[in-house]
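Peer 1: have a look at this prediction, sequence included:
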Amino acid sequence: QVQLVESGGGYVQPGGSLTLSCTASGFTEAGFNFSNSRMTWYRQRPTKERIFVAMISGSGGTTSYGDGVEGRFRVARDNARNKVYLRLNNLRPVDTAVYFCGVFLGGTNYWGQGTQVTVSS
């Protein structure tokens with residue numbers, strides 16, 4: 001069973017930084033290769049839909065970012081450790097949300113449980 005576990009969220013003042021981590025497991029048992037899998041980060045505010053934040057290709061050579069975060073957020077991965085990271089810099093109150101790690105495999109979207117990021121003075 002593919003599993004994704006996010007960590008690293010917390011409470012930070014505006015202008016602060018956080019690094020989120022996503023630990024993946026079960027890919028091999030499910031017949032997939034983590035190193036070939038495009039990984040994504042999304043975020044969701046209360047009563048709002050989940051929106052795209054960042055994507056990284058399997059090799060890590062290609063990344064893309066959602067509106068409002070490019071230049072402040074950076075996605076990276078460590079395929080040897082089955083981990084994906086999201087570095088959040090210059091955080092703003094509007095960045096407050098639950099952040100989710102996701103992957104689309106074999107016709108199914110897999111999500112972690114999310115990690116809460118709160119930006120407030």
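Peer 2: Sure thing, it's come through.

Peer 1: show me what the strand or helix carrying residue 20 is packed up against.
Peer 2: Assigned by DSSP states H and E, residue 20 falls within strand 18-25. For strand 18-25, the contact count by 3 or more CB pairs under 8 Å, 6 or more residues apart in numbering; DSSP states H and E identifies strand 3-7, strand 39-44, strand 83-88, strand 97-105, strand 115-119 as packing neighbours. In this view, the C-beta of every residue, glycine as well, is placed from N, C-alpha and C.

Peer 1: for the ones you listed, which one sits closest to residue 22?
Peer 2: Minimum separation from residue 22 across the helices and strands packed on strand 18-25 (CB to CB) falls at strand 97-105, 3.3 Å.

Peer 1: save the helices and strands packed on strand 18-25 as TSV, and put in mean pLDDT too.
Peer 2: TSV is the format used below for those (pLDDT from 0 to 100):
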stretch	mean pLDDT
strand 3-7	98
strand 39-44	98
strand 83-88	98
strand 97-105	97
strand 115-119	98
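
Peer 1: out of these, the one nearest residue 33 is which?
Peer 2: When the helices and strands packed on strand 18-25 are ranked by proximity to residue 33 (CB to CB), strand 97-105 comes first, at 9.9 Å.
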